[in-house]
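In: Curious how this folds, go ahead:
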Amino acid sequence: MVQRYAWSLRLLHWLMAALLIGMLALGLYMKALPFSPAKLQLYSWHKWIGITLIGLVVLRLAARFLTAKPRYPSHMGPTSRMLAHLGHWLLYVLMLCIPLSGWLMSSAKGFQTVWFGVLPLPDLIQKDLPLGEQLVVVHGWLNWLFIAVLAGHILAALKHQFMDRDAIFHRISLSPSKKD
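Out: Alright, predicted model coming up:
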């Protein structure tokens with residue numbers, strides 16, 4: 001039986017965690033800034049990272065389906081297992097929907113996304129400013145939902161680590177084990 005996630009999944013988990021938390025902070029920060037060239041640069045970086053995250057989520061889902069997964073601890077009841085499973089899939093859905101909603105918003109507002117300033121990406125929809133404003137709201141609400149689900153994920157991990165002491169955190173940690 002597999003005790004830990006594959007190294008690739010563990011690495012992607014923590015890389016994406018850092019990028020996602022950075023994106024949330026950057027999004028909140030840049031939204032509060034007055035219009036300026038610096039704000040436009042931050043929006044570009046935000047879009048670059050968002051597009052990169054779409055690729056990383058797809059890569060992570062592929063790795064998740066292609067590698068063995070450790071089982072939940074035996075003490076977890078069916079409700080806890082279902083909530084953990086639902087929480088993980090909700091995170092995956094949001095990690096795809098949030099950057100896609102940002103890309104749609106950018107397209108609707110008439111701002112082309114140019115990945116890392118080099119690769120122009122196609123607009124997903126035609127320019128439609130009223131739709132763009134609606135997508136601003138959708139993008140914002142998806143992010144607040146993500147923050148709530150992420151908080152639940154972190155609290156569950158802390159519960160397992162410090163209250164249950166069931167080593168579930170070790171399954172995803174980057175620290176080496178005796179068998180690694």
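
In: What segments of this protein are helices?
Out: Along the chain, the segments classed as helices by DSSP state H run 7-32, 37-66, 78-108, 129-158.

In: Throw those into a markdown table and include mean neighbour count, mean pLDDT and distance to S175, thanks.
Out: All C-beta spots, glycine's among them, are computed from the backbone N, C-alpha and C. Below are the helices of the chain laid out as a markdown table (neighbours: other C-beta atoms under 10 Å; pLDDT from 0 to 100; distance: least, C-beta to C-beta, whole Å):
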| stretch | mean neighbour count | mean pLDDT | distance to S175 |
| --- | --- | --- | --- |
| helix 7-32 | 15 | 96 | 10 |
| helix 37-66 | 16 | 96 | 19 |
| helix 78-108 | 17 | 97 | 21 |
| helix 129-158 | 14 | 98 | 14 |
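
In: Please tabulate the ones you listed in CSV, including the columns distance to L174.
Out: Compiled in CSV, the helices of the chain are given as follows (distance: least, C-beta to C-beta, whole Å):
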stretch, distance to L174
helix 7-32, 6
helix 37-66, 15
helix 78-108, 19
helix 129-158, 14
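
In: Quick check: which of the ones you listed is nearest to R171?
Out: Closest approach to R171 among the helices of the chain (C-beta to C-beta): helix 7-32, 8.4 Å.

In: chain center to that closest one, what's the gap?
Out: Mean C-alpha position of helix 7-32 versus that of the full chain (C-alpha atoms, centre = their mean, to the nearest Å) differs by 7 Å.

In: Compute the inter-axis angle for it and helix 78-108.
Out: When axes from the mean of the first three to the mean of the last three C-alpha atoms, to 10 degrees is applied, the directions of helix 7-32 and helix 78-108 differ by 50 degrees.
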